[in-house]
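Asker: with the input below, show me the fold.
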Amino acid sequence: QVQLVESGGGLVQAGGSLRLSCAASGRTFNIANYAMGWFRQAPGKEREFVAGSRWSGSSTYYADSVKGRFTVSRDNAKNTEYLQMNSLKFEDTAVYYCAASPAYRAVASVASYDYWGQGTQVTVSS
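Answerer: Got it, this is the predicted structure:
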């Protein structure tokens, strides 16, 4: 059984930074073989793509709204994906989820992902 556990969320002032982690576990699960994505969902809104990586992290992808501010990375040896969030804005407030998908699927599509974490709250005060 695959488990994804996010951590690192919290309350931060606008302009601040947070680093989210997504620790993956499972008997034969290795993130090196998967695309890993970060999504977020604000109250009353649909879940949206934030950032992702695949091919052992060599390819990275970002939503336009976070490009230049967020950085996705992974440590395949630790089976952990990270999302470094800088210059946070009020509109970044949401529950952030990590997810895993077969690497051949579209990274930015919610429907591509088979495994999801429980989410971690990020609140940015203005």
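
Asker: going forward, measure contacts between C-alpha atoms and count neighbours the same way
Answerer: Will do.

Asker: just checking, residue 75 touches residue 83?
Answerer: No - look at residue 75 against residue 83 with C-alpha atoms under 8 Å: they stay out of range, at 11.6 Å.

Asker: for the host helix or strand of residue 99, packing partners?
Answerer: Per DSSP states H and E: residue 99 is located in strand 94-102. Here strand 94-102 touches strand 3-7, strand 34-41, strand 115-116, strand 120-125, going by 3 or more C-alpha pairs under 8 Å, 6 or more residues apart in numbering; DSSP states H and E.

Asker: now do it against strand 3-7, angle only.
Answerer: 150 degrees (axes from the mean of the first three to the mean of the last three C-alpha atoms, to 10 degrees).

Asker: contacts only, for the residue sitting nearest the centre point of the chain.
Answerer: Computing the C-alpha centroid of the chain and ranking residues by C-alpha atoms, centre = their mean puts residue 38 first, at 2.3 Å. Residues near residue 38 by C-alpha atoms under 8 Å, 6 or more residues apart in numbering: 49-52, 83, 96-99.

Asker: next: residue 124.
Answerer: 11-14, 88-93.

Asker: same question for residue 7.
Answerer: 20-22, 120.

Asker: let's see 10 Å
Answerer: 19-23, 82, 96-97, 117-121 (C-alpha atoms under 10 Å, 6 or more residues apart in numbering).
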